[in-house]
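Undergrad: sequence below, structure please.
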Amino acid sequence: MSIEELILGILQDNVAFLLLAALVVVVIVKAVKIVPQSEQHVIERFGRLRSVLGPGINMIVPFIDRVAHKISILERQLPTASQDAITRDNVLVQVDTSVFYRITEPEKTVYRIRDVDSAIATTVAGIVRAEIGKMDLDEVQANRSSLIMTIKTTVEDAVDSWGIEVTRAEILDVNLDAATRAAMMQQLNAERARRAQVTEAEGSKRAVELAADAELYASEQAAKARRVLAEAEAYATQVVAVAIDENGLEAAQYQIALKQVEALSAMGAGNGNQTVVVPAQVLDAFGDAFKLLRGRE
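TA: Sure thing, here's the model as predicted:
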């Protein structure tokens, strides 16, 4: 027997074994499915949903079950979208939005919606127009955080049946047309001018109030000084009255003589040479006053 005939005989004897081994390998390859951490696989059997495979090693029935869809469960970002909206006070604005989402139930996303990105974008556009239509322009600018939260919650409710979780919604910008921007700038300048005038008027008013307070304070101090002087004079008068009561007419004459001497001294005081003409009766009175003063001493 030749070598060729020997090899051919060995192959014929082992062909069944080789075919069986190959079949086993193919079955194992078809039955074992390794799913990456970032994906989930949708399994169909005869065209119908069978199961959803999670990350790791999974087993399926070969030649009967098949991987129909490989779905990424990573968070996704929709392209930035711009849509026109009209506020409650009839101002046309252009709103730039962006939405982040991820697929949590692939079987719903696969069998209930064809183009998930387009469907979410359309839903967001409608919700943005509806919500901005409920607000004035000033409210849109001032309450952006509240508006974003409202949009996110409404979108979540709308896409819940698609097996999608909306993780974040953002309003990137709110743009106005040129005419509206010019009108707002004019209004802003007018408001600034008004505030400047109000500030100036308040300053003038405050200055007048301070001046009036100063005058009132000066009047109060002058009145207080007059009151103190009057009290002093009243006290002096009381002292004189007591002295007259105790010492009789002599005390009164003494006070009068003292005042006369003080008056004469004031008349003689001054710069330069001056002549004072005094009647004789006055000289007699001063003489009496000096006698009283010496007598008191």
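
Undergrad: pLDDT of stretch 166-182, averaged?
TA: The predicted model gives stretch 166-182 an average pLDDT of 82.

Undergrad: residues contacting that stretch, please?
TA: With contact meaning CB atoms under 8 Å, 6 or more residues apart in numbering, stretch 166-182 is reached by 75, 80, 91-102, 120, 124, 128, 140-141, 144, 147-148, 151-152, 155-156, 159, 184. To be clear about C-beta, it is placed using only N, CA and C from the backbone, and glycine gets the same treatment.

Undergrad: in the helix or strand harbouring Glu107, what's buried?
TA: Glu107 belongs to helix 106-112 when assigned by DSSP states H and E. Buried residues in helix 106-112, counted by 16 or more other CB atoms under 10 Å: 106-110.

Undergrad: of these, closest to Val35?
TA: Within those, the smallest distance to Val35 is 11.3 Å, found for Pro106 (CB to CB).

Undergrad: spatially, what comes nearest to Asp136 if we skip its sequence neighbours?
TA: What sits nearest to Asp136 in space, not counting adjacent residues and going by CB to CB, 6 or more residues apart in numbering, is Asp89, at 4.7 Å.

Undergrad: checking the one you found next. Helix, strand or coil?
TA: The three-state label given to Asp89 by DSSP: H, G, I helix; E, B strand; the rest coil is coil.

Undergrad: what's the local residue count around it?
TA: Other residues lying near Asp89 total 11 when counted by other CB atoms under 10 Å.

Undergrad: show me what contacts Val110?
TA: Taking CB under 8 Å, 6+ apart as the criterion, Val110 is in contact with 42, 68-69, 71.

Undergrad: can we see that at 6 Å?
TA: Applying CB atoms under 6 Å, 6 or more residues apart in numbering, we find Val110 in contact with 42, 69.

Undergrad: kindly report the same for Ala31.
TA: 59, 62.

Undergrad: try it again with 8 Å
TA: 59-62.

Undergrad: mind giving me the PyMOL command for buried ones among the contacts of stretch 166-182?
TA: To isolate the buried members of these in PyMOL, using 16+ other CB under 10 Å:
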select buried, resi 91+93+95+97+99+101+120+124+128+140+147+148+151+152+155+159
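
Undergrad: looking at the contacts of stretch 166-182, which are in helices?
TA: Using DSSP state H, the subset of these located in helices is 120, 124, 128, 140-141, 144, 147-148, 151-152, 155-156, 159, 184.

Undergrad: sort those by pLDDT and name the bottom one.
TA: Ranking these by pLDDT, Met184 lands last with 69.

Undergrad: re the thing from before, for Leu23, see how far away the residue nearest to Asp136 is.
TA: In this view, Asp89 and Leu23 are 75 Å apart by CB to CB, to the nearest Å.

Undergrad: now swap in Thr104 and tell me
TA: Using CB to CB, one obtains 39 Å as the distance from Thr104 to Leu23.

Undergrad: these two - which one has more neighbours?
TA: Of the pair Thr104 and Leu23, Thr104 is the one with more neighbours under other CB under 10 Å, namely 14 against 10.

Undergrad: output stretch 50-67 as CSV, nothing but the C-alphas.
TA: Output of stretch 50-67 as CSV, limited to C-alpha atoms (Å, rounded to 0.1, in the frame of the first residue of the first chain):
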residue,chain,number,x,y,z
ARG,A,50,-36.9,36.9,23.1
SER,A,51,-34.7,38.7,25.6
VAL,A,52,-32.3,41.6,26.3
LEU,A,53,-28.7,40.6,27.1
GLY,A,54,-26.8,42.7,29.6
PRO,A,55,-23.0,43.2,29.8
GLY,A,56,-20.9,40.0,30.3
ILE,A,57,-21.2,36.4,29.0
ASN,A,58,-24.6,35.3,27.9
MET,A,59,-26.0,32.1,26.4
ILE,A,60,-28.6,31.8,23.6
VAL,A,61,-30.0,29.0,21.5
PRO,A,62,-27.9,28.8,18.4
PHE,A,63,-29.5,28.9,14.9
ILE,A,64,-32.8,29.8,16.6
ASP,A,65,-32.0,33.0,18.5
ARG,A,66,-30.1,35.9,17.0
VAL,A,67,-28.8,39.3,18.0
